[in-house]
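Chemist: build the 3D model from these lines:
(chains A and B)
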There are 2 protein chains.
Amino acid sequence: MTLATMQWIDLRVGDILTFAAENHGDREVVTSTGAGRVRRSYSDVYNRARRLSGGLAAAGFKAGDRLATLAWNHHRHLELYYAIPGIGAAVHTLNPRMPATDLAYMVDVAEDIALFFDSDLAGLAQEIAASCTRPLRLFELSDAEATLNGAMPFEALIWDSPGPADWVPVRETDIFAICFTSGTTGSPKGVAYTHRSSVLHAMAGCMTEGQRIGGEETVLPVVPMFHANAWGLAHSAPMAGAGLVLPGRWLDGPSLLNLIKGEQVSFVCGVPTVWQGILDAAGESPDFGSLKRAGIGGAAPSRAMLMQLESAGLDVFHSWGMTETNPSAGTGLLKSSHRDEPLEARVDRKLGQGRPVFGLERRIVSDCGDPVPRDGKTPGRLLVRGNWVVGRYLNADAGLEDGWFDTGDIATIDQDGYMVIVDRAKDLIKSGGEWISSSDLESRALSVDGILQAAAIARPDEKWGERPVLFVVCRPGFAVETEQVKHALAEQLPRWQVPEDIHVRDALPLTATGKTDKKRLRSELLALLADRQFA
Amino acid sequence: MTLATMQWIDLRVGDILTFAAENHGDREVVTSTGAGRVRRSYSDVYNRARRLSGGLAAAGFKAGDRLATLAWNHHRHLELYYAIPGIGAAVHTLNPRMPATDLAYMVDVAEDIALFFDSDLAGLAQEIAASCTRPLRLFELSDAEATLNGAMPFEALIWDSPGPADWVPVRETDIFAICFTSGTTGSPKGVAYTHRSSVLHAMAGCMTEGQRIGGEETVLPVVPMFHANAWGLAHSAPMAGAGLVLPGRWLDGPSLLNLIKGEQVSFVCGVPTVWQGILDAAGESPDFGSLKRAGIGGAAPSRAMLMQLESAGLDVFHSWGMTETNPSAGTGLLKSSHRDEPLEARVDRKLGQGRPVFGLERRIVSDCGDPVPRDGKTPGRLLVRGNWVVGRYLNADAGLEDGWFDTGDIATIDQDGYMVIVDRAKDLIKSGGEWISSSDLESRALSVDGILQAAAIARPDEKWGERPVLFVVCRPGFAVETEQVKHALAEQLPRWQVPEDIHVRDALPLTATGKTDKKRLRSELLALLADRQFA
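Modeler: Numbers count the residues shown, from 1 in each chain, chains lettered A, B, ... in the order given. So this is what the prediction gives:
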């Protein structure tokens, strides 16, 4: 066999920013600082990131090291996103909404040796440093001096840098970033992204049938850089020469709406809670200015929310992913032949979890592992495969058995590739030998006027094996009766699927990534049932 | 170091068609047969290609083999594009516009063992088979029986197939296609594309800032599948779920215009000659139906042509590439901030060779190899690098010296990344120590009313070293005087750049890929000068 004759150029994250600086050097990266805004260009970000790499190397950091960040979405975090991989090290993003003990555990598992933190998170940083087993060098992401005792000012790394460093020629299979799963199922597990995985993921993000990030977009990722790479937008936006607007820690509706209008943002990505805030801030006759597209993920939005957004002229991009899939695992775009359907039909399609994008394969299988039909009806366990899918968790001894990652979700797929996640496998409720979908119960409960949030879990039942229990939270100013909800459900569902137990709560427990914490709901319920038993 | 934890999935061309069949199974692939059209879907193409792979394996072909095609753009050629790599072999596309002896040479170099040919090319196929050194198994791409003695009917491979073959799990660095350069400079050289190079090239083609191929497009590649992979459209269209319309051998303007309108084509890609045919067929007040975008490449179009197309409401996508770059080496899209410029400004920008796309780096250097400024003015020798750039020609002993491929072009690049190719390095004319750009002379000559084609070359000159000689061809019905051309050039250029020798010809010699054959022009000129000397 003759050897192949095309060049081999390792796919590297750093080349994305180099490309942006060379070809979109004046495109802006704007960060909100609450009161004002910091304006940078891709050239600035590139030049500062290269100086920062020089400073990191001078400070003794080297290829193979893991450096943690505890920060909101802003320009310094973006610089670290490129400067740390630039020296061949990995950036480990920590979620400031998690408890210090959990974060210290992650720092230990990842073997981090430094922590870069925002000033408003100094207390948490200090707690983490005190709790983890190895010493952590602390760098404060402040404008000038550090406020925390024992921390170095971040800017000193740039001032004192011996100069811009040439970025290390890593291999594409090298790790450049680490993120832990949110731990809704068991203890958090580390996913280590490679240059290859994130470059291919960003290319898919820039594809017309992917996230469709192009140079005409100005993207505002409310989705955090501290979790799952802000959906890859910190890579796909510079790759496309798109503008980037970073909200800092000002994530409330009015601040975001102000930022959208002030910076001519065209595409915002956030979880449903963020969108609820924006919608509330926009009021009755919403004016979103330049905004064209609404990216939603992380949790399932309600039908009402999609109706509101689409009615206001926004093109909703609802898709699905996981920490384990870098995180985008498909596209939220409708097929071109479905884009002109009437509002209701469009919203129905968009309520699902989207279509696949080339590079990430989806498969649904039965409990025995056999493929189930792609008819849009038959649910199966969702398996995924691709270059941006985890093969082995950080420090795990073994990888996947058969090359497919089991998402733990139950989904249907139709012949156009549209997927609907029916439930998390572990959240399915088995009553009298039949499955009840908890997410179906929840979305039906959400369609009741006055209901803001809903969560369904199973309780053990002597007769039926399991029975559903539904928790709901009312909108402010509403007082919905449980009988009303039960009545509404009974109108839509077979009788055995309607929960006998419906509870109104003030709030639902949430995980650090903003999802309903069903683990906690279950243990609370079990404690309650035990109390009753002994009462 | 912990091992990387993301999956490794080899990038494979076959996965593109599998993806299309699974997710865009009913999207059409239409082929013109002159009188009628053959309608297939991506599902059909996938199913037939897999059966064809089974048939090829049953016929004794195996991984590592090279199988040649001599065919126009049609569904059977597309099936071969996937079925041959599907068994781990390579498809070597031959250009039917080349002489049989050249093609036999290529068949020998590539070590082809079979030839799949269109019925109307049977004579040429026979000549090739007679001229090459090894025996060639012949397969005729006919509807039923073979017309050529000794040839097998192609369809028999599918009828007699033992069944759909599972495609061979090749490595991404394996060769899957071979194409020879057009040989405008020296003898043709083989470029062997790998699965990795073409998958990444297709992903770039689907990027919003690349060729922007999306599911909403219906693409008509007039650019041939027999040369440089039809700009990668046979891969990017199914990757995006775009419709594909193949023109067969009916490449005249009226046939194409008919096909565009009949099949609701949105994007046509062709060389300037093809566009001239379409424009002529469309007449004074052109109606292009559903057509939105005009892809132009392979040779530089005239300003007049771009004005005509853009004035008719088409978005011109003029970009640049080479057989050695898979072939797309950039994007013909303007930056979003330039898309709303007035017509004249837009056309000026589009006359250049476009912007880079992520994944292919461009660099311009001086004769000493030092980078020259990216100021849009300073010309330098154009070097390129990337995963879809040739690293070593087929059977060559050595690869590139420093990892960059020297295109042999002289170009300027500006700070937005727009490139303008000033000339081929070897076509520059050095007169009195100063460079004269032959392509600049040509484009100015083309702006003279009544001039259809122009070519400038150097003649040796005792006093100045070299002097330019210009050949022009008049439009039908026009008779332009050489003095008129000289006068027009003298108004725009410094005196020393204006050629003393201008010749009107009936036609220019062309290479098999439709470019002006300057090699032949030069040898004709030298023969003429020698005659004069001895006269």
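Chemist: helices and strands of chain A: which one bottoms out on pLDDT?
Modeler: The least trusted helix or strand in chain A, going by mean pLDDT, DSSP states H and E, turns out to be strand A:434-436, with a mean of 79.
Chemist: how far away from the center of its chain is the helix or strand that that one is followed by?
Modeler: Helices and strands here follow DSSP states H and E; after strand A:434-436, the next one along the chain is helix A:438-446. Distance of helix A:438-446 from its chain centroid, counting by C-alpha atoms, centre = their mean, to the nearest Å, is 22 Å.
Chemist: partners of the helix or strand just after helix A:438-446 in the sheet?
Modeler: Sequence-wise, the next helix or strand downstream of helix A:438-446 (DSSP H and E) is strand A:451-461. Paired strands of strand A:451-461, with direction, are strand A:465-474 (antiparallel) (DSSP bridges).
Chemist: ok and the partner strand relative to helix A:438-446, angle-wise?
Modeler: Counting by axes from the mean of the first three to the mean of the last three C-alpha atoms, to 10 degrees, strand A:465-474 lies at 40 degrees to helix A:438-446.
Chemist: who's in contact with strand A:465-474?
Modeler: A:429-433, A:436, A:438, A:441-442, A:445, A:450-461, A:480, A:482, A:485, A:497, A:499-508, A:521, A:525 (C-beta atoms under 8 Å, 6 or more residues apart in numbering or on different chains). The way it works is simple: take the backbone N, C-alpha and C, and place the C-beta from them, glycine included.
Chemist: sorry, back to before: the least confident helix or strand of chain A: which residues count as buried?
Modeler: With burial defined by 16 or more other C-beta atoms under 10 Å in any protein chain shown, the residues of strand A:434-436 counted as buried are A:435, A:436.
Chemist: coming back round to it: now the buried members of the contacts of strand A:465-474.
Modeler: A:429, A:431, A:436, A:438, A:441-442, A:445, A:451-459, A:480, A:485, A:497, A:499, A:502, A:508, A:521, A:525.
Chemist: got the domain boundaries for chain A?
Modeler: A:360-424, A:428-534 (automatic domain parsing).
Chemist: okay, now the residue of the stretch 251-400 of chain A found nearest chain B: neighbour count?
Modeler: When distances are taken as C-beta to the nearest C-beta, the stretch 251-400 of chain A reaches nearest to chain B at residue A:336, 3.6 Å away. Using other C-beta atoms under 10 Å in any protein chain shown, the number of residues around residue A:336 comes to 19.
Chemist: against residue B:217, how distant is it?
Modeler: 8 Å (C-beta to C-beta, to the nearest Å).
Chemist: what do you get for residue A:315?
Modeler: For residue A:315, the distance to residue B:217 - C-beta to C-beta - is 18 Å.
Chemist: neighbour count winner among those two?
Modeler: residue B:217 (24 against 19).
Chemist: can you count the residues close to residue A:227?
Modeler: 24.
Chemist: now do it, the pLDDT please.
Modeler: According to the prediction, residue A:227 has pLDDT 90.
Chemist: now it, nearest residue through space, not along the chain?
Modeler: residue A:95 (5.3 Å; C-beta to C-beta, 6 or more residues apart in numbering or on different chains).
Chemist: pLDDT below threshold where in the stretch 151-300 of chain A?
Modeler: A:183-186 (pLDDT under 70).
Chemist: could you do the stretch 1-150 of chain A as well?
Modeler: A:1-4.
Chemist: thinking again about what came up before, buried deepest among the domains of chain A, which one?
Modeler: domain A:360-424 (a mean of 18; mean count of other C-beta atoms under 10 Å in any protein chain shown).
Chemist: just the endpoints, please. Distance across it?
Modeler: Start-to-end span of domain A:360-424 (C-alpha to C-alpha, to the nearest Å) is 20 Å.
Chemist: quick one: distance of that domain to the chain centre.
Modeler: For domain A:360-424, the distance to the chain centre is 19 Å (C-alpha atoms, centre = their mean).
Chemist: equivalent analysis for stretch A:252-267, please.
Modeler: 20 Å.
Chemist: contacts for that stretch, please.
Modeler: Under C-beta under 8 Å, 6+ apart, the answer for stretch A:252-267 is A:30, A:32, A:34, A:37, A:213, A:216-220, A:222, A:243, A:245, A:247, A:250, A:268, A:270, A:274, A:276-282, A:288-293, A:295, A:317.
Chemist: for residue A:52, which non-adjacent residue is spatially closest?
Modeler: residue A:83 (3.8 Å).
Chemist: what sits against that neighbour?
Modeler: A:49, A:50, A:52, A:53, A:56.
Chemist: does it count as helix, strand or coil?
Modeler: helix (DSSP: H, G, I helix; E, B strand; the rest coil).
Chemist: all helices for the stretch 201-350 of chain A, in order.
Modeler: For the stretch 201-350 of chain A, the helices defined by DSSP state H, counting those that start in this stretch cover A:233-240, A:253-262, A:272-282, A:303-311, A:343-350.
Chemist: returning to that earlier point: and the domains of chain A, which one averages the lowest pLDDT?
Modeler: When I compare the domains of chain A, domain A:428-534 is least confident, with a mean of 87.
Chemist: relative to the whole chain's centre, how far out is that one?
Modeler: Distance, centroid of domain A:428-534 to centroid of chain: 25 Å (C-alpha atoms, centre = their mean).
Chemist: if we can go back for a sec, can I get the helices of the stretch 201-350 of chain A in CSV with distance to residue A:414 and mean neighbour count?
Modeler: Converted to CSV, those look like this (distance: least, C-beta to C-beta, whole Å; neighbours: other C-beta atoms under 10 Å in any protein chain shown):
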stretch, distance to residue A:414, mean neighbour count
helix A:233-240, 27, 30
helix A:253-262, 34, 18
helix A:272-282, 24, 19
helix A:303-311, 19, 18
helix A:343-350, 10, 17
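Chemist: residue A:114 is nearest to which of these?
Modeler: helix A:233-240 (19.8 Å; C-beta to C-beta).
Chemist: that closest one packs against which elements?
Modeler: helix A:13-23, helix A:195-206, strand A:218-221, strand A:243-246 (3 or more C-beta pairs under 8 Å, 6 or more residues apart in numbering or on different chains; DSSP states H and E).
Chemist: could you dump stretch A:165-179 to PDB, C-alpha only?
Modeler: The C-alpha trace of stretch A:165-179 is given here as PDB (Å, rounded to 0.1, in the frame of the first residue of the first chain):
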ATOM      1  CA  ALA A 165       4.400  32.300  23.900                       C
ATOM      2  CA  ASP A 166       4.200  30.100  20.800                       C
ATOM      3  CA  TRP A 167       1.600  27.600  21.600                       C
ATOM      4  CA  VAL A 168       2.700  24.100  22.200                       C
ATOM      5  CA  PRO A 169       2.200  21.700  19.200                       C
ATOM      6  CA  VAL A 170       0.000  19.200  21.100                       C
ATOM      7  CA  ARG A 171      -1.500  16.100  19.500                       C
ATOM      8  CA  GLU A 172      -5.200  16.300  18.700                       C
ATOM      9  CA  THR A 173      -5.900  13.500  21.200                       C
ATOM     10  CA  ASP A 174      -4.400  15.400  24.100                       C
ATOM     11  CA  ILE A 175      -6.800  16.700  26.800                       C
ATOM     12  CA  PHE A 176      -7.300  20.400  26.900                       C
ATOM     13  CA  ALA A 177     -10.400  20.800  29.200                       C
ATOM     14  CA  ILE A 178     -12.100  18.900  32.000                       C
ATOM     15  CA  CYS A 179     -15.600  19.200  33.200                       C
END
